[in-house]
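> no letters, just coordinates:
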């Protein structure tokens, strides 16, 4: 296996929303340490020249991906992405494999050589390091694997899913362009005040506190070494059993109920929880409030943040279904509090923004391993990452799982179940090795055994208008690009 290195030269800047030579990064968006990693597997070959041209065109509308992380010169900002239109590292390889991984689960333990690395200092302002790398692998089966590694300073999962959708668009239709609501924007972000001592006390939690880089790396390494990854792939029928506790007209989402069921599983396996931390995408919030800019929905940045809230006390005689429903209602209530109160949202964001800014200034980071008693949820359930690039199908893969931290995705398509509403749901989390992991597996097996003996529920429908599903652009999916936004990070 030989990796051939080259680069992609971005086309001239074509995004009229970009003014000046730098894109200032708001404090709330300052996540320099970490990356958003994506590997897409296709049944037949992608054309390397077309792919490079598509990335070059996308970079003309997304200059951040060809820029450099720097200290800002724009007044009022500490950091920025310099608009340099620098070459994007591009590599190719041929691999003697039928498929890149042992199975088609979304979250893999290791993405291997299919993911091109970023430079070791990509998160250091002024390091002149590329913020995006691309690799095309050709398999012995004739299929292709596309790996895209992007620095988290560029944006959140929604930002990267939309960028990849645009690369797919230009791969399929090289002569089209972007305009109007399809254009990514880069500024302004929400106008967030600095936090006060009272606000910091109200919203303080471990996930935004700065920690030294070595402590962060040690924390993640120990968490992985001491635990086992558990993947649960739920069919749509199994999901109906979980969501059947939703009352007619009740505004709790499928994800709210999945979160409740997951906590109930861990509790029945012997764990105890008092709090939950939930990742919230706030792109669609408070459109009429002056602090929330009209371009927030198309902002290529980190526009998701974590909120901690207390879970309801577990009643001694509560069934698993009642516990699921109780937790789901608390989750929905915590999200609705933010949606209904702009001032509360600004206070919540101000605490996180000040901590993120401090970490970036001092060369520190965040450690997102929840302590015992705290459950974390980051859902991509509303996002269809299986972006097809004109192929008959595609499978999406990423990495990373943590203890007491639930990640949720649409599972990769099964034959005959390709559309988002037909797809299975993949839940991934880690549990300590040994008896704890076996107890969790046993509880899930017992639930599945019970569901198999029960009639399929006619569950009350989810409120689709509240949080519409986000589908991807592709010749084999829909020709209309979806609106920005969605659910989760």
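Sure, I can see it. Remember, it's a predicted structure, so these values are computed and weren't measured experimentally. Residues are numbered from 1 along each chain as shown.

> how about stretch 85-95: buried residues?
Neighbour counts using 16 or more other C-beta atoms under 10 Å place 85, 86, 88, 89, 90, 91, 92, 93, 95 of stretch 85-95 among the buried residues. For every residue, glycine as well, the C-beta is placed using N, CA and C.

> the stretch 151-300 of the chain: helices as residue ranges?
157-172, 197-203, 213-225, 236-243, 254-268 (DSSP state H, counting those that start in this stretch).

> other SSEs contacting the longest one?
Judged by 3 or more C-beta pairs under 8 Å, 6 or more residues apart in numbering; DSSP states H and E, helix 157-172 is in contact with strand 35-42, helix 48-61, strand 144-151.

> one step back: the buried residues of stretch 85-95 in strands, which ones?
Cross-referencing the buried residues of stretch 85-95 against strands under DSSP state E gives 88, 89, 90, 91, 92, 93, 95.

> would you format these as JSON lines with distance to residue 347 included?
Output for those, formatted as JSON lines (distance: C-beta to C-beta, whole Å):
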{"residue": "88", "distance to residue 347": "39"}
{"residue": "89", "distance to residue 347": "41"}
{"residue": "90", "distance to residue 347": "44"}
{"residue": "91", "distance to residue 347": "45"}
{"residue": "92", "distance to residue 347": "49"}
{"residue": "93", "distance to residue 347": "49"}
{"residue": "95", "distance to residue 347": "50"}
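
> let me know the pLDDT of the closest residue to residue 361 other than its chain neighbours.
Once flanking residues are discounted, residue 361 sits nearest to residue 78: 6.4 Å by C-beta to C-beta, 6 or more residues apart in numbering. For residue 78, the pLDDT comes out at 97.

> is residue 78 in contact with residue 27, as I believe?
Yes. Assessed by C-beta atoms under 8 Å, residue 78 is found in contact with residue 27 at 7.2 Å.

> who has more neighbours out of those two?
residue 27 (23 against 16; other C-beta atoms under 10 Å).

> quick one: the more buried one and residue 344, what's the gap?
From residue 27 over to residue 344 the distance is 19 Å, taken as C-beta to C-beta, to the nearest Å.

> contacting residues for the residue nearest to residue 361?
Taking C-beta atoms under 8 Å, 6 or more residues apart in numbering, we find residue 78 in contact with 25, 27, 30, 71, 72, 357, 360, 361.

> redo those as a markdown table? Include pLDDT, distance to residue 409 and secondary structure.
A markdown table is the format used below for those (pLDDT from 0 to 100; distance: C-beta to C-beta, whole Å; DSSP: H, G, I helix; E, B strand; the rest coil):
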| residue | pLDDT | distance to residue 409 | secondary structure |
| --- | --- | --- | --- |
| 25 | 98 | 27 | strand |
| 27 | 98 | 29 | helix |
| 30 | 98 | 26 | coil |
| 71 | 98 | 36 | strand |
| 72 | 98 | 34 | coil |
| 357 | 97 | 31 | helix |
| 360 | 97 | 29 | helix |
| 361 | 97 | 34 | helix |
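
> out of the residues you listed, which is most surrounded?
Ranked by neighbours (other C-beta under 10 Å), the contacts of residue 78 are led by residue 25, which has 30 neighbours.

> show the end-to-end separation of stretch 109-122, please.
One end of stretch 109-122 sits 23 Å from the other (C-alpha to C-alpha, to the nearest Å).

> buried ones in that stretch?
Buried, per 16+ other C-beta under 10 Å, within stretch 109-122: 111, 112, 113, 114, 115, 116, 118, 122.

> for stretch 42-55, same thing?
Result for stretch 42-55 [16+ other C-beta under 10 Å]: buried residues 42, 46, 51, 52, 53, 54, 55.

> cool, stretch 10-26 as well?
10, 11, 14, 15, 18, 22, 23, 24, 25, 26.

> most widely separated two among these?
11 and 26 (27.2 Å; C-beta to C-beta).

> I'd like the average pLDDT over stretch 219-233.
On average, the pLDDT along stretch 219-233 is 97.

> buried residues in that stretch?
Those would be 219, 223, 224, 227, 228, 229, 230, 231, 232, 233, for stretch 219-233 by 16+ other C-beta under 10 Å.

> contacts for stretch 408-428?
Stretch 408-428 is contacted from outside by 104-107, 229-236, 239, 255, 258, 262, 377-381, 383-386, 393, 395-396, 401, 406-407, 469, 471, 477, 488, using C-beta under 8 Å, 6+ apart.

> now, which of these lie within strands?
Using DSSP E, those in strands are 107, 229-234, 377-380, 395-396, 406-407.
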